[in-house]
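>>> Sequence first, then the predicted structure:
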Amino acid sequence: MARPGLRSHFTGSVPISIAAHLVAVLLFLIIPLTANVDLPELAANLPDYIRATPIPPPPPPPAPRLPGSATPTPSVTTNPDLPPPSVPDAIKPEIERAGVPVPDIGQPPGEGVPDGIGIVTGDRPVVLTPPDPPRPPAQVRVADLPVSPKKVVDVRPQYPEIARAARVEGTIIMEAVLDTSGRVTQLRLLRSVPMLDQAALDAVRQWRYTPSLYGGRPVSVLMTITVRFTLQ
């Protein structure tokens, strides 16, 4: 239970506290109002009016079209240096325009460039002759020829007696070179049978073939020849 002296002490201090707070709030509000504040100066002399951009007038309404009247076609200036918009039906001669003469190529009218391809330079055309066809190689394989050579002279090889006595048989393969007349000029053994090689070489050197053509020209031919020796 509180004592009477303590209650009277608190009762007297509350009004004093409230009054002190009110004084602090008033000072906080009044001091800023009494300070010197520089306000902006208002313009004294203002112009009577300010020029503004006028609003453009609306476009005029389109003119009414009369019944039966055609739409006017806009005029188009044709540039003679541009290609035509469509393919013409016929080629018309070039007309000399004002200030732009037709170029003279130095060729009389009605005459072209003679003898093949020509390039006009200056006053006279330059004629280009076609190049010569490529020359055929020195030797052409028989498989590359349009027509294979045919043997016109055939000499049968003589069977050597020593090979016959030894009962030797075999197949000899050689590579031959035919000249432009069809004669056998070179031979090289690809498969050899020692007792039969010389007889095969002696016989093949006497063979003759038809001349061969490649690109319309006679050529030397490289071919393979096979000789078989069999005992009867």
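Done, it's in.
>>> Break down the protein into its strands, ranges please.
Here the chain has its strands, by DSSP state E, at 117-121, 124-128, 139-141, 151-153, 170-178, 184-191, 208-209, 212-214, 217-229.
>>> need the ones you listed in a markdown table with mean pLDDT, can you?
Below are these laid out as a markdown table (pLDDT from 0 to 100):
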| stretch | mean pLDDT |
| --- | --- |
| strand 117-121 | 55 |
| strand 124-128 | 67 |
| strand 139-141 | 90 |
| strand 151-153 | 95 |
| strand 170-178 | 95 |
| strand 184-191 | 95 |
| strand 208-209 | 96 |
| strand 212-214 | 92 |
| strand 217-229 | 94 |
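>>> among the ones you listed, which is nearest Pro61?
strand 117-121 (62.1 Å; CB to CB). For the C-beta atoms, the positions are set from N, CA and C on the backbone; glycine is no exception.
>>> possible to save the strands of the chain as CSV with mean neighbour count?
Below are those laid out as CSV (neighbours: other CB atoms under 10 Å):
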stretch, mean neighbour count
strand 117-121, 11
strand 124-128, 13
strand 139-141, 15
strand 151-153, 11
strand 170-178, 18
strand 184-191, 13
strand 208-209, 18
strand 212-214, 19
strand 217-229, 17
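>>> how many other residues sit next to Gln158?
Residues lying near Gln158 (other CB atoms under 10 Å) number 11.
>>> Would you quantify the distance from it to Leu27?
Taking CB to CB, to the nearest Å as the measure, Gln158 falls 152 Å from Leu27.
>>> Ala166 too?
Using CB to CB, Ala166 is found at 150 Å from Leu27.
>>> looking at this structure, which helix or strand does the model trust least?
Using mean pLDDT, DSSP states H and E, the weakest-scoring helix or strand in the chain turns out to be strand 117-121, at a mean of 55.
>>> circling back: specify the stretch among the strands of the chain that is closest to Pro54.
strand 117-121 (66.4 Å).
>>> Identify the residues contacting the nearest residue to Thr180 once chain neighbours are set aside.
Sequence neighbours aside, Pro218 is the residue nearest to Thr180 in space, at 4.0 Å (criterion: CB to CB, 6 or more residues apart in numbering). For Pro218, the contacting residues are Thr180, Ser181, Pro211, Ser212, by CB atoms under 8 Å, 6 or more residues apart in numbering.
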